[in-house]
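Peer 1: model this:
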Amino acid sequence: MSGAAAETPRVLHCHSSFNPGGKELRCVQLINAFGRGLRHSIVSGMANATGAAKAIKPGMLVDFPADFPALQGRPTPGRLKAIAQALKPYDLVLTYNWGAIDVVMAHTLFKDALGLPPLIHHEDGFNEDETSKRKWTRNWYRRIALGKAAGLVVPSEVLEGIALTEWEQPIGRIKHIPNGIDTAAFAKKPKPDSLRNLIKRDGECWVGTMAGLRPVKRLPAMVRAIADLPPQWHLVIAGEGSEKDAIRAEAERLEIDHRVHLPGHVDEPSKIVGLFDVFALSSASEQFPISVVEAMAAGLPVVAPAVGDITQMVAPDNAIYITPAGDEAAFADALRDCALDPESREAVGAANREKAKAEYDQKRMIDAYRRLYSSALGREI
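Peer 2: Residues are numbered from 1 along each chain as shown. All right, here's what the predicted structure looks like:
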């Protein structure tokens, strides 16, 4: 290794999976923004789940160590010590969500004895089993594991409150950094044939969403909601996951399978979001969904349940399309109202675009992370 390379700070990222998702793509966004000022090692708890790496720009200093200890397993002293020893070569450790919490615990237990680098933990949300109430065992484990973390990053006000009350974290440790995007890229109208496997035809209107196809997203409910809209309205669900067959089955049951489209994962969301006429979420749980910000930047109205920070994220004009959490009938009514009122769609979308530009542009987010990581490293990046 050259002298210049040796001086480049080494950052370790620990993810339960590095397939494309909100936290993974934000991680890539920051890697690309920081350029060659950092050298990154990325550990995926699922060895072959590294699809988000495709979005990393050429020339970035990134590797995927194959010999890092497993992120999951019983938290025995021997296993945690092995994880702690694997942290020693790095200058900063970044961990993400519950799937990497054993790395956080290992760091706290052995930080002083082994002289470990600073660690910053990131929490982005929960699965459906912890939507309304967190598991007390996980709360307890987090309280101990985070004891020597240099920071706990959360993107939403809801998570900030949970960190303060349920995880009993000191306010100085918690860093609330909302997710940000390249708002200018989403303001550009994509071509109708931007997706090779799906073309928007003249006269069609699209309700669209970008989501992992998981049970917590409750996407069959969105299929049911679209069934009562006029026939020119189609549903486009971009993403991959285990619920694909359930979504298709519901569309077939309602005899609208010709109006429900599953184009798969989209590497560049800006190439599809602007084709939607309405953006919708039907999730049981969210925190600060980046897809909502993308839709806002594209000038779209958002129809969604009041979960996580969504109510605060959208422009005040959009409040009429935010429905009580878990109320499928109210969600369907709001979607129909939005679809059948083009003037409202245009006005609400314009208000959302202005709010996204003012509050959620990626520069603000990148600057906040740059300050946080620079402080932990003790040098500017």
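
Peer 1: care to break the chain down by domain?
Peer 2: For the chain, the domain assignment from automatic domain parsing gives the residue ranges 3-180+362-377, 183-359.

Peer 1: how about CSV for these, with mean neighbour count and mean pLDDT added?
Peer 2: C-beta here means a position set from N, CA and C on the backbone, and glycine is covered the same way. Converted to CSV, those look like this (neighbours: other Cβ atoms under 10 Å; pLDDT from 0 to 100):
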stretch, mean neighbour count, mean pLDDT
domain 3-180+362-377, 18, 94
domain 183-359, 19, 94
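
Peer 1: max-length helix in the chain?
Peer 2: helix 342-359 (DSSP state H).

Peer 1: For this protein, just list every one of the strands.
Peer 2: 10-15, 39-44, 62-63, 92-96, 119-122, 151-154, 174-176, 205-210, 233-238, 260-261, 278-280, 302-305, 322-323 (DSSP state E).

Peer 1: The closest residue in space to A295 that isn't next to it in sequence: what's it in contact with?
Peer 2: Nearest residue to A295, sequence neighbours excluded (Cβ to Cβ, 6 or more residues apart in numbering): F279, at 3.4 Å. For F279, the contact set (Cβ atoms under 8 Å, 6 or more residues apart in numbering) comprises 207-209, 273, 291-292, 295, 298, 300-303.

Peer 1: Show me what F279 bridges to in the sheet.
Peer 2: Beta bridges link F279 to G208, V302 when assigned by DSSP bridges.

Peer 1: So P324 is in contact with A330, correct?
Peer 2: Yes. Shown here, P324 and A330 form a contact pair, counting by Cβ atoms under 8 Å, at 5.7 Å.

Peer 1: Can I get the strands of the chain in a markdown table including distance to D112?
Peer 2: Output for those, formatted as a markdown table (distance: least, Cβ to Cβ, whole Å):
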| stretch | distance to D112 |
| --- | --- |
| strand 10-15 | 19 |
| strand 39-44 | 23 |
| strand 62-63 | 28 |
| strand 92-96 | 15 |
| strand 119-122 | 13 |
| strand 151-154 | 18 |
| strand 174-176 | 23 |
| strand 205-210 | 43 |
| strand 233-238 | 47 |
| strand 260-261 | 55 |
| strand 278-280 | 48 |
| strand 302-305 | 45 |
| strand 322-323 | 47 |
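
Peer 1: quick one, which of those strands is nearest to P342?
Peer 2: Closest approach to P342 among the strands of the chain (Cβ to Cβ): strand 205-210, 9.1 Å.

Peer 1: So what touches the closest one?
Peer 2: With Cβ under 8 Å, 6+ apart, strand 205-210 has contacts from 200, 219, 222, 226, 229, 232-239, 266, 269, 272-273, 275-282, 291, 294, 303, 335, 339.

Peer 1: same check, this time on stretch 226-236
Peer 2: With Cβ under 8 Å, 6+ apart, stretch 226-236 has contacts from 198, 203-209, 222-223, 254, 256, 259-261, 263, 272, 275-276, 332, 335-336, 339-340.

Peer 1: Please apply the same query to stretch 312-323.
Peer 2: 157, 288, 292-293, 296, 301-306, 310-311, 330-331, 333-335, 337-338, 344, 347-348, 351-352, 354-355, 360.
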